[in-house]
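**Student:** give me coordinates for this.
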Amino acid sequence: MKIISFGSNLSFKNSLPIENIKAAYDILSDYNIKILNKSHIYQSEAYPNKSDPLFYNSALSIDTKLQPNELLKNILKIEKNFGRVRTKKNSPRTLDIDIISFDDLILNQSNLKIPHPSLHLRPFVTLPIRDLDKNWKHPVFFKTITQFIDKFEPDELNKVKKIL
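**Tutor:** Numbering: from 1, shown residues only. Next comes the predicted model:
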């Protein structure tokens, strides 16, 4: 399964963060990305700086004929169209799109790592993936997404709220 995740915690052109995510869904086909399934949208504290605005996160399973680096180029174009400016790592942003998995591919390039190296450490990433497929298996650790979620402390999971 090919999975991309979305995050936003800044408005763009009078659109709220959650609207940025929905609007990004609407233009994916223009970039040779077809949506197969959508997760719920979740709200959580910003990571790692909890004083930043609340974050909205989701995930999609997709189909594409693009190769991983071509997919990355298109994702970066989409982010730029939504006013994404890369300053400091993990700073607030209008739109963040990550390639989480690309079937069972394991890729470790300087500009692209698949599967996403931190996906299993973040409830705001794992919960949307579980919406897509509770039996999805990590190609490196060979654990299901549910097994990763079961390792989180309840208070960590409770900080991530399903809102849509």
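
**Student:** pull the longest strand from this protein.
**Tutor:** Longest strand in the chain, counting residues (DSSP state E): strand 55-63.

**Student:** so what are the sheet partners of that strand and their directions?
**Tutor:** Take DSSP bridges as the rule and strand 55-63 pairs in its sheet with strand 2-8 (antiparallel), strand 34-38 (antiparallel), strand 42-44 (antiparallel).

**Student:** deepest-packed of the ones you listed, please.
**Tutor:** A comparison of these by mean neighbour count, using mean count of other CB atoms under 10 Å, puts strand 2-8 on top with a mean of 25. Where C-beta positions appear, they are placed from N, C-alpha and C, glycine not excepted.

**Student:** now that strand: how far from the chain's centre is it?
**Tutor:** Relative to the centre of its chain, strand 2-8 is centred 2 Å away, using CA atoms, centre = their mean, to the nearest Å.

**Student:** flag every buried residue along the helix or strand just after that strand.
**Tutor:** Per DSSP states H and E, the first helix or strand lying C-terminal to strand 2-8 is helix 17-27. By 16 or more other CB atoms under 10 Å, the buried positions in helix 17-27 come out as P17, I18, N20, I21, K22, A23, A24.

**Student:** nearest to K113, of the residues you listed?
**Tutor:** Using CB to CB, A24 comes nearest to K113 of the buried residues of helix 17-27, at 21.7 Å.

**Student:** now for that closest one: which residues touch it?
**Tutor:** For A24, the contacting residues are F6, I78, F82, L95, I97, by CB atoms under 8 Å, 6 or more residues apart in numbering.

**Student:** same question for Q109.
**Tutor:** Counting by CB under 8 Å, 6+ apart, Q109 makes contact with N69.

**Student:** could you measure from it over to N135?
**Tutor:** Per CB to CB, to the nearest Å, Q109 is found 28 Å from N135.
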